[in-house]
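>>> sequence and predicted structure, then a few things I'm wondering about:
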Amino acid sequence: MNRWSTAALVSASLLSPLIQPLVAQDQIGIAVGTKPEVVQLEDLEGNLVDLGDYIGKGKPVLLEFWATWCALCEELEPAMAAVSREHGEELEILVVAVAVNQSVSRVTRHVNSHEMPGKVLWDGEGRAVRAFMVPSTSYVVVLDAEGKVAYTGLGGRQDIEAAVEKALGDATRSE
């Protein structure tokens, strides 16, 4: 093996962990093209909220699985805020607070002192986590207007705008 082949092999092995997450974004959690199980969660006051009231009702839905302690969720905040500002009227945004190392009162305190991009729901029993096969916090799912998964992604550097634009474009074409 010459020195150029060795350099290429070393470069490829070093870059592989960086490239793999980008390639597999749409293979994380629930499969793109499927319809998720509709589950009930709670709002922060303890009232039941049926995700079926949002999913498949002619408007795309973005769900972010989030926690107060999640650094990647914090990194994702500017993109979520931008999507909320740009598409808030034509898109339903649901922030699903997972019940890992946090409580409803901790989430409520956070929400009272931080602007959130959408309606915050509490998944105290992990129903949505199971229905969407959530691998971690900072997991985002975009559903099209018919309720099918159009995008899944993980981490703080997702292109949320592109995912939403695609779901909105699909909604326009289906009308």
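Alright, I've got the coordinates.
>>> in this structure K59 contacts A145, no?
Yes. When contacts are counted by CB atoms under 8 Å, K59 is listed as touching A145 (5.9 Å). Yep, even glycine has a C-beta here, placed from its N, CA and C like the rest.
>>> which one of these two has more residues nearby?
Legend: neighbour count by other CB atoms under 10 Å for K59 and A145, higher for A145 (23 against 17).
>>> which helix or strand contains F65?
Element membership for F65, per DSSP states H and E: strand 61-66.
>>> next, the buried residues of that strand.
Buried residues in strand 61-66, counted by 16 or more other CB atoms under 10 Å: V61, L62, L63, E64, F65, W66.
>>> next, count neighbours for the closest residue to E146 other than its chain neighbours.
Leaving aside its sequence neighbours, E146 sits nearest to G56 (CB to CB, 6 or more residues apart in numbering; 5.7 Å). Around G56 there are 18 other residues, counting by other CB under 10 Å.
>>> what does G46 give?
By other CB under 10 Å, 9 other residues sit near G46.
>>> follow-up on the earlier one: what about the residue nearest to E146, which helix or strand?
Going by DSSP H and E, G56 is not in any helix or strand.
>>> from R130, how far out is it?
With distances taken as CB to CB, to the nearest Å, G56 is found 19 Å from R130.
>>> could you do R109 as well?
When R109 is compared with R130 (using CB to CB), they lie 27 Å apart.
>>> returning to what we had before: what residues of the helix or strand that comes right after the strand holding F65 count as buried?
Remark: after strand 61-66, the chain's next helix or strand is helix 71-87, criterion DSSP H and E. Neighbour-count burial for helix 71-87, counted by 16+ other CB under 10 Å, picks out L72, C73, L76, E77, A79, M80, V83, S84, H87.
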